[in-house]
Every structure is written in structure tokens, then in C-alpha cells.
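**Q** need a structure here:
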Amino acid sequence: MRDPAIEKPLNELEIDKVGIKNLKYPIKVFDKKEAEQHTVASINMYVALPHKFRGTHMSRFIEVLNKHKDTVAMKNMRFVLLDIIEKFDAYSAHIELQFPYFIEKEAPVSHAHSLMEYECKFICSLSQERKFEFILGVSVPIATLCPCSKALVDKGAHNQRGKISVLIKFQGFFWIEDIVNIVENCASTPLYSLLKREDEQFITQYAYDHPAFVEDVARNVASKLDKEKVISWYAVEVESYESIHNHDAYAFIGKK
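**A** Here you go, the predicted model:
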């Protein structure tokens, strides 16, 4: 049967990444409290395509995932990439997984328990020299209260939800829960899924006592990450979904 993918292309140029995107697939993630957590990831998988091939065989990505269906987890990403390279006879391989992760949180006053969702990602690559790179990403929902508004107004200050997004490279292993703990209190207040009236009273007052620009939040997070010796690189983004402006506020700090 003819296979157009292995035919010579009209323009013999190497493609940096070719593959599949937005594949939904079940994975397992290490859970600090429960050992592991089952979730569903949106997965992108790519290989570098040599100039001599017209196309790639997309079905092989699914075959590799199916082979690792019981071990799609952080510690096994290098083996998944090795199998992709072998399956495609490729120079390099890349995989990205984005997934919801749930942590049980306790309200500050009522101590009511609820599950809080955090959007996480693994960004992994294996180079032609077999150098493995793993980046862990976590997005943490927060709230900010504007210091300028508080300074100008006698009876309140505008506040809004926001998000801290952190990418890190590290040595050894790093828990998702630990990233959340590091950055969650860097804003005016963290968020919760379940709050009673006494919790709302506490959080409202707490945010008022801890006003923060997105610049403050980004610096707070970077300062804490700098103290973690196992973290070799990070990128911090802070976005505030402004409540009285027709735009959002944004700040970024990256470790060189």
C-alpha cells in the first residue's frame, strides 16, 4: 500500500514540531495526600520531522500513549518520549499535558472542607542528544485589592479575582501542592470553593489589610521561588481580572 508520508516533499525543509494537539486522555498524577490522583489531560505530542519525509504517521502517537496508559505520570515522561523517538525514528520529541488537579482546602474560620481546582501542565522534551527537559506548570487562582484604590477611597477599595501562573524547572521531585503553598498567599488573599459567612467576613477584611498590585504579587512569588534551592529556573505570570477597568492588569518575572 502506498504511503505518501514517506515520500520526498516538494520543499525539503525540516519541521521543528509536527504531531497532534488537544487529545483528551486519562493520566495519573502524584498526590501528596492520597498517593495518586486520576485526572484527564489535554495532550499535545510532537516530533521533529526530517527534511526527507513529506509527513508523519499521526496514529503512532496514540499507539505510544496506549502502550503507557497505566503509567502516564510525571516520573515516566522520559520513557514516553524515548518510545516516541523510537517509533518515529525522529531526532527529538515533545509532549505537553494540561490537566485539572484538585486539592482539599479548609476555610479559614469555619474550617469547612472543599476541593479547589488548579490548572496544571507538564511540558517535556527529549533532544537529539537525549537531553531530557521537564517543566512543571501550576495556575493558582487568587484575588487582589488595589493599593491605589484603598489610598483614595474612605469606604472601601476595588478588588477582583486573578491568577498566578508559575512554570518551574527543578532537581529531583517537586509536589504540585508545594507550589500552591508557596505562591497562594502572595496576593491579597487566596480563593476557596466553599465559604461560610464568617469566612467571607475574614477574607474580605484580610484582603483589605493586604492590598497588592500585580507587580507586588509577581515580586512576592519570585522572591519565594528564589529561596527554593531545588528550583533552577522559573517564570511567573500574574493576571488580575480588573473589576472597574475595561482591561486586565499583568506582570511577568522570569529567572535568567
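**Q** can you count the residues close to Ile176?
**A** Using other Cβ atoms under 10 Å, the number of residues around Ile176 comes to 20. All C-beta spots, glycine's among them, are computed from the backbone N, C-alpha and C.
**Q** How confident was the prediction at it?
**A** Predicted confidence (pLDDT) for Ile176: 94.
**Q** Same question for Glu200.
**A** According to the prediction, Glu200 has pLDDT 96.
**Q** With Met58 instead?
**A** We have a pLDDT of 82 for Met58.
**Q** residues in contact with the helix or strand harbouring Glu86?
**A** Taking DSSP states H and E as the criterion, Glu86 maps to helix 77-88. Helix 77-88 is touched from outside by 45, 47, 56-57, 60-61, 63-65, 67-68, 71-72, 90-95, 122, 124-126, 132, 134, with contacts defined as Cβ atoms under 8 Å, 6 or more residues apart in numbering.
**Q** what pairs with the nearest residue to Ser243 once chain neighbours are set aside across the strands?
**A** Of all residues not flanking Ser243 in the chain, Gln160 sits nearest, at 4.1 Å (Cβ to Cβ, 6 or more residues apart in numbering). Taking DSSP bridges as the rule, Gln160 bridges to Thr144.
**Q** Tell me the pLDDT of Gln160.
**A** For Gln160, the pLDDT comes out at 94.
**Q** So it versus Glu242, what's the distance?
**A** Per Cβ to Cβ, to the nearest Å, Gln160 is found 6 Å from Glu242.
**Q** Would you map the helices across the stretch 1-150 of the chain?
**A** Under the criterion DSSP state H, counting those that start in this stretch, the stretch 1-150 of the chain contains helices at 59-67, 77-88, 147-152.
**Q** What of the stretch 151-256 of the chain?
**A** 176-183, 197-209, 214-226.
**Q** can I get these in JSON lines with distance to Tyr118?
**A** Formatted as JSON lines, those follow (distance: least, Cβ to Cβ, whole Å):
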{"stretch": "helix 176-183", "distance to Tyr118": "6"}
{"stretch": "helix 197-209", "distance to Tyr118": "18"}
{"stretch": "helix 214-226", "distance to Tyr118": "15"}
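**Q** how about these, which one is nearest Leu145?
**A** Leu145 lies closest to helix 197-209 among the helices of the stretch 151-256 of the chain, at 4.6 Å (Cβ to Cβ).
**Q** which of the residues in the closest one are buried?
**A** Neighbour counts over helix 197-209 (16 or more other Cβ atoms under 10 Å) mark Asp199, Phe202, Ile203, Tyr206, Ala207 as buried.
**Q** Show the end-to-end separation of stretch 83-97, please.
**A** Here the two ends of stretch 83-97 are set 17 Å apart, with distance taken as Cα to Cα, to the nearest Å.
**Q** just to revisit the earlier point, from Val183, how far off is the residue nearest to Ser243?
**A** In this structure, Gln160 and Val183 are 18 Å apart, going by Cβ to Cβ.
**Q** Give me the more crowded residue out of these two.
**A** Val183 (25 against 18).
**Q** residues in contact with that one?
**A** Counting by Cβ under 8 Å, 6+ apart, Val183 makes contact with Val138, Val140, Ile164, Val166, Val221, Lys224.
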